[in-house]
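A.B. asks: Next comes the sequence, and after it the predicted model I'd like to discuss.
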Amino acid sequence: NAGVTQTPKFRVLKTGQSMTLLCAQDMNHEYMYWYRQDPGMGLRLIHYSVGEGTTAKGEVPDGYNVSRLKKQNFLLGLESAAPSQTSVYFCASSYLSGGKASGEQFFGPGTRLTVL
Amino acid sequence: KQEVTQIPAALSVPEGENLVLNCSFTDSAIYNLQWFRQDPGKGLTSLLLIQSSQREQTSGRLNASLDKSSGRSTLYIAASQPGDSATYLCAVRNSGGYQKVTFGTGTKLQVIP
């Protein structure tokens, strides 16, 4: 099992450019999440998905869009990048047990994004 | 709104010492609590998961306890080693709704040889 993988690992964008971050998991997990991690602020949830074809907003969704067309993939898009989106982005997944996410989250290695 | 606090923000101990990391949360209506380790420039590695009905979980030299009523969890590391140096994060999953997860900002641990 590769677990949770993220591509790319690093990226530098100019203000106004767009890009898509890809998250893939091979554990057949129902739930997937996108977080950003900034110094002194902990991890904050951007968007999440409770299953294929579903997405929902987290704490800090503005400026981001997501799609979950396949169960194993969760894409995070930046339509027009801004310097405030410079951050480390983590994808995570968790399994479903008894009708609720049993809660253990598994994380990818992260994508370090710099917006100039 | 759930708030998760980890104090101290940084801790330095000599090798071999037993140590305790603290995690406090404001809303006791939790589903579970998870402890992670994060090495510099890396992702989060799950260490222990405690469900709300449990009081503690153990894995090797690690023991995590949960006291919902007081809004506290502790991570006990026995016989610390330099390889334990990392940032330790706790994350609280609320019960109800979509089970929002709130992370603390972490305790950066340095174990000195």
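C.D. replies: Perfect, I can see it now.

A.B. asks: And for residue A:65, nearest residue in space, chain neighbours not counted?
C.D. replies: residue A:77 (4.6 Å; Cβ to Cβ, 6 or more residues apart in numbering or on different chains). Heads up, the C-betas are built off the backbone N, CA and C, glycines and all.

A.B. asks: swap in residue A:5?
C.D. replies: residue A:24 (5.1 Å).

A.B. asks: Which SSE is immediately downstream of the host helix or strand of that neighbour?
C.D. replies: Assigned by DSSP states H and E, residue A:24 belongs to strand A:19-25. Remark: after strand A:19-25, the chain's next helix or strand is strand A:31-38, criterion DSSP H and E.

A.B. asks: Touching, residue B:62 and residue B:47? I think so.
C.D. replies: Yes: with contacts counted by Cβ atoms under 8 Å, residue B:62 reaches residue B:47, the gap being 5.9 Å.

A.B. asks: Common neighbours of these two, please.
C.D. replies: Residues touching both residue B:62 and residue B:47 (Cβ atoms under 8 Å, 6 or more residues apart in numbering or on different chains) are B:35, B:75.

A.B. asks: The two - which one has more neighbours?
C.D. replies: Comparing residue B:62 with residue B:47 by neighbour count (other Cβ atoms under 10 Å in any protein chain shown), the higher total belongs to residue B:47, at 20 against 17.

A.B. asks: now the closest residue to the more buried one other than its chain neighbours, what's its secondary structure?
C.D. replies: Take residue B:47 and drop its neighbours on the chain: the residue closest to it by Cβ to Cβ, 6+ apart is residue B:35, 4.5 Å away. On the three-state scheme (DSSP: H, G, I helix; E, B strand; the rest coil), residue B:35 is labelled strand.

A.B. asks: which residues touch residue B:35?
C.D. replies: Counted by Cβ under 8 Å, 6+ apart, residue B:35 has contacts B:23, B:46-49, B:62, B:64, B:73, B:75, B:88-91.

A.B. asks: if we can go back for a sec, for the residue nearest to residue A:65, what are its contacts?
C.D. replies: With Cβ under 8 Å, 6+ apart, residue A:77 has these contacts: A:18, A:19, A:20, A:21, A:64, A:65, A:66, A:67.

A.B. asks: for residue B:89, same thing?
C.D. replies: Residue B:89 touches A:42, A:43, B:6, B:35, B:36, B:37, B:38, B:44, B:103, B:104, B:105, B:106, counting by Cβ under 8 Å, 6+ apart.

A.B. asks: tell me the phi and psi of residue B:83?
C.D. replies: phi -70, psi -10 (degrees, to the nearest 10).

A.B. asks: Pull the number of nearby residues for the residue nearest to it when sequence neighbours are not counted.
C.D. replies: Counting by Cβ to Cβ, 6+ apart, residue B:111 is the residue found nearest to residue B:83 once chain neighbours are left out, at 7.8 Å. For residue B:111, the count of nearby residues is 20 (other Cβ under 10 Å).

A.B. asks: In the sheet, which residues pair with residue B:111? Tell me.
C.D. replies: residue B:13 (DSSP bridges).
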